[in-house]
Each structure stands twice: as C-alpha cells, then as structure tokens.
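Asker: what's the 3D shape of this:
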Amino acid sequence: MALILYIHPLASFCHKVLIALYENAIPFRSETVDFSNPASASALLERWPVGNIPVLHDGAAGRIIPETSIIIEYLQQNYPGPAPLLPSDTEARLQVRLWDRFFDLYVSTPMQKIVTDRIRPSGQNDPHGVASARATLDTAYAMIERQLSGQPWATGETFTMADCSAASALFFAFIVHPFTAGQTNLQTYLDQLLARPSIRRTIGEARPFFEMFPYRDAMPARYLAI
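Answerer: Sure, this is the predicted structure:
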C-alpha cells in the first residue's frame, strides 16, 4: 500500500483526513500511533519529529506530508477521485481554505482545550483558559450559524474540504459545548454531516475507542448509533 496515514482513532484532525480519503475511495493503510509506547511512536517520529498527527507517508513518491489541509490538497493533486474537495475556481477555493482554517482554529482548537483540561492532574486545571475556549466556541457558533443561512454546506452547494474540517470539529465540540436552542442552521448542518457515508464510516471506526474520551459521559446517545 503506497499511502500510510498515521493517526489516533479519537483525534478530530485525523478524522478530517479520513473523511477526505473515504469521500474519494482512495486506497490507504492507517497506522495507529500510541505515544505512550516508544516503539509505536518511533515510526512516526522518524518521519515527522514534531510528532503531530495525522501524517501521510506516500511510499510511491518517497514523501512525508503533514498537516491536514496540506494532506487533503496533496491527495487531490496526486490521487484524484470523483469528488474534488477544493474547487478549481480561485475565489471559491479561497473560501474553502478560509472556512477550513476557521473550523480548525476556532472550533477544533478550543474544543481540544476543554477536553484536555479535564484530564489534567488535580490542582493543575486552567479555568481561565477553558472559559476563553468556551467564549471562542460561542463566537464561532454564531458565525457558522450566519454562514449556513440558505446553503447546505459550509461554502455553498458542494461538500468540500471545509466540511471535512467542520465534521471532525463539530462532532466533538457539540459534546463539550452544545449549540444553543436558536442555532437551528448549525444543528441541521451537523445532522446532515453525520448522515454522510464517509463521516458515518469514520465515526464508526472510532466508536470502539469512545470509552477513552474524557467527556464520554456527555456524549449524546445518538452518537453511539452512527
């Protein structure tokens, strides 16, 4: 198998790339990285010493491709499928990149702050940082609610890389910081994302690991049936 994707099954950024791969039925092999096990982590760290996941190894090209958005763009250029996730039109492509980064930076990142704070050692929590993360999510949710008005996907009528980012971010963010009752566009959008086959497959593969998620007690029951 030419493509190896180094992942953790509960990492939202890994989900983003998995969704992109499944959207276009690109053959690959996933390699789960256990950072607590030096032998497991070594294969990744030899290729990408920073250690962030996911990382794609293209054995046929002899290349290492890190960072989710770069990986997805690389796949489109070198392993194109029937569903382009970045449009050819330059303005539309710019919008996709903008909202892709928006979901990464203003939904996934504050969500991860809230999650990781729950597993900090006793007495080392960061209530100010968590409050700031929740405020960021409130702002992001309001902006997404407006963005979705009158359109089915993040940047218009077509599912794109921005929606791959949104799915992985909002799935977990909704658990730790639910939407407000009036954010109907956002709720409808999340429901539509969760019904998409590539996303259902990604979540289904993560389900055996849900017990490891620090907010498992807050996970909606319907998540367990996806």
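Asker: on contacts alone, who are the packing partners of the helix ranked longest in the chain?
Answerer: Counting residues, the longest helix found in the chain (DSSP state H) is helix 127-147. The contact analysis (3 or more C-beta pairs under 8 Å, 6 or more residues apart in numbering; DSSP states H and E) places helix 127-147 against helix 90-103, helix 109-118, helix 184-194. In short, each C-beta sits where N, CA and C put it, glycine included.
Asker: got the buried residues for the helix or strand just after that helix?
Answerer: With elements assigned by DSSP states H and E, the helix or strand that comes after helix 127-147 is helix 161-176. Buried residues in helix 161-176, counted by 16 or more other C-beta atoms under 10 Å: 161-176.
Asker: what's the answer for stretch 47-59, then?
Answerer: Buried residues in stretch 47-59, counted by 16+ other C-beta under 10 Å: 47, 48, 53, 54, 55, 56, 57, 58.
Asker: secondary structure element for the nearest residue to the third one once chain neighbours are set aside?
Answerer: In this structure, residue 53 finds its nearest non-sequential neighbour in residue 6, 5.4 Å apart by C-beta to C-beta, 6 or more residues apart in numbering. In the assignment (DSSP H and E), residue 6 maps to strand 3-7.
Asker: could you dump the helix or strand following that strand to CSV, C-alpha only?
Answerer: Using DSSP H and E, the next helix or strand after strand 3-7 towards the C-terminus is helix 12-23. Below are the C-alpha coordinates for helix 12-23, written out as CSV (Å, rounded to 0.1, in the frame of the first residue of the first chain):
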residue,chain,number,x,y,z
SER,A,12,-10.5,15.1,15.3
PHE,A,13,-7.8,16.3,12.9
CYS,A,14,-7.2,12.6,11.9
HIS,A,15,-11.0,12.3,11.3
LYS,A,16,-10.8,15.2,8.9
VAL,A,17,-8.3,13.4,6.6
LEU,A,18,-10.1,10.1,7.0
ILE,A,19,-13.3,11.7,5.7
ALA,A,20,-11.4,13.1,2.7
LEU,A,21,-9.9,9.7,1.9
TYR,A,22,-13.3,7.9,2.2
GLU,A,23,-15.0,10.6,0.1
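Asker: Other residues contacting the helix or strand following helix 12-23?
Answerer: Counting by DSSP H and E, the next helix or strand C-terminal to helix 12-23 is strand 29-32. Outside strand 29-32, the residues that touch it by C-beta atoms under 8 Å, 6 or more residues apart in numbering are 1, 3, 4, 5, 6, 7, 8, 9, 18, 40, 43, 44.
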